[in-house]
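>>> Test case, fold it:
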Amino acid sequence: MESLTAKLCAFARAWHSLQSDHTIFNDFLAFDLMGREEYENVSRLILKRFPQESENSVEYFNKKYFLPIVLSRSRFAEDRVKLLARSGKIQYVICGAGVDTFSFRNKDPNVEVFELDLLPTQSYKKNRIRELKWSVSENVHFVAVDFSKDSIVERLVANGFDRKKPTVISILGVSYYLPLSVFAETVRQFSGIASTDISIVFDYLQKDAYSNSVQELRKIVADCGETMAEGYLDREVFEVLERYGFKVDEFLGENALQQRYFLTDNLKPFDSVRLIAAKK
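Presented below is the predicted three-dimensional model:
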């Protein structure tokens, strides 16, 4: 796991599970998969590289920048998977899975999981799984893919994906780094991934978001060696979805996010972040 922002997101999930009395999203395996050494390394890194005006700098950093985004989108995606799995067998494709732990927390035999990621990241994760002596279920598939070169459909089919089964695709934390044209191409590819019941779940940052929090997040990401794209207008996202046959099933802006997820843990939605579930 070489991406520093990916480490910060994983750390946020682990920290919330360990420290919060009211978990919005309880990733109780996040700490184990990271390992104590990596967890403490990231904690020290936050204190050193991103000092905050607070005695509890790590808590302040997590609650202001990462928890509102990471917790809500993870909960949103997994709630959608659980809902659709009630009707029968489904496939769940996780794009950029990183150190996501759903494959090991999931107990529903109706859900077959396909984790898509770059080979180095996936190798890191597999090594951690071996070190922890976790067993990998038969319904979990690790699919190494170069998103810039490979045909995602071909890679999935080669690893047991059934194009006739209902499918949920999560694209979380990805759009922040993609111009609209690349995001649209991603949606186009996934629009033909299965012949029936395709759902996609994703988050994005609204274009022209200039609040202090957004500008500070951009700086943090830049300090991690990555560059955020400018974001999308809501109408642009809706147009892309309509172009490729998707209809918006759920759209959560700040007010809806506040009511659904942030009433008990003294957290607020992050400025200008949107969550969408769409289907075709």
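
>>> secondary structure element for V248?
V248 belongs to strand 247-252 when elements are defined using DSSP states H and E.

>>> neighbouring contacts of that strand?
Here strand 247-252 makes contact (Cβ atoms under 8 Å, 6 or more residues apart in numbering) with 72, 76, 80, 199, 238, 241, 260, 274-280. (Each C-beta comes from the backbone N, C-alpha and C, glycine too.)

>>> Parallel or antiparallel, which strands does it pair with?
Sheet pairing of strand 247-252 (DSSP bridges) gives strand 273-279 (antiparallel).

>>> Residues contacting the partner strand, please?
Looking at what lies outside strand 273-279 - Cβ under 8 Å, 6+ apart - the contacts are 68-69, 72-73, 76, 80, 197-206, 234, 237, 241, 246-254, 257.

>>> ok, back up a step: tell me the helix or strand right after the strand holding V248.
Tracing the chain past strand 247-252, the next element assigned as helix or strand by DSSP H and E is helix 254-261.

>>> elements contacting that following helix?
With contacts defined as 3 or more Cβ pairs under 8 Å, 6 or more residues apart in numbering; DSSP states H and E, helix 254-261 has these neighbours: helix 67-85, strand 273-279.

>>> Tell me which of these lies nearest to F114.
Comparison of these against F114 by Cβ to Cβ identifies helix 67-85 as nearest, at 12.3 Å.

>>> Which positions within that closest one qualify as buried?
For helix 67-85, a neighbour-count test (16 or more other Cβ atoms under 10 Å) marks 67-78, 80-81, 84-85 as buried.

>>> Check stretch 42-51 too.
Within stretch 42-51, the residues that qualify as buried by neighbour count (16+ other Cβ under 10 Å) are V42, S43, I46, F50.

>>> now swap in stretch 192-202 and tell me
Neighbour counts over stretch 192-202 (16+ other Cβ under 10 Å) mark I193, A194, D197, I198, S199, I200, V201, F202 as buried.

>>> same check, this time on stretch 164-179
If you call a residue buried by 16+ other Cβ under 10 Å, then stretch 164-179 has these buried ones: P166, T167, V168, I169, S170, I171, L172, G173, V174, S175, Y176, L178.

>>> Could you work out the most separated pair of the residues you listed?
P166 and Y176 (27.7 Å).

>>> Work out the gap between the helix or strand harbouring C9 and the centre of the chain.
Taking DSSP H and E as the criterion, C9 maps to helix 4-19. The offset between the C-alpha centroid of helix 4-19 and the centroid of the whole chain comes to 12 Å, using Cα atoms, centre = their mean, to the nearest Å.

>>> How about stretch 80-93?
Relative to the mean C-alpha coordinate of its chain, stretch 80-93 is positioned 17 Å out (Cα atoms, centre = their mean).

>>> same check, this time on stretch 214-228
How far stretch 214-228 lies from its chain's middle: 17 Å, per Cα atoms, centre = their mean.

>>> Name the residues that touch it?
Stretch 214-228 has contacts (Cβ under 8 Å, 6+ apart) with 3-5, 8, 49-50, 65, 176-177, 205, 270-272.

>>> got those as TSV, with pLDDT and distance to E131 columns?
Written out in TSV, the entries for the contacts of stretch 214-228 read as follows (pLDDT from 0 to 100; distance: Cβ to Cβ, whole Å):
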residue	pLDDT	distance to E131
S3	76	20
L4	83	22
T5	86	24
L8	91	22
R49	77	27
F50	76	29
Y65	91	30
Y176	92	30
Y177	90	30
L205	94	35
F270	91	33
D271	87	39
S272	91	39
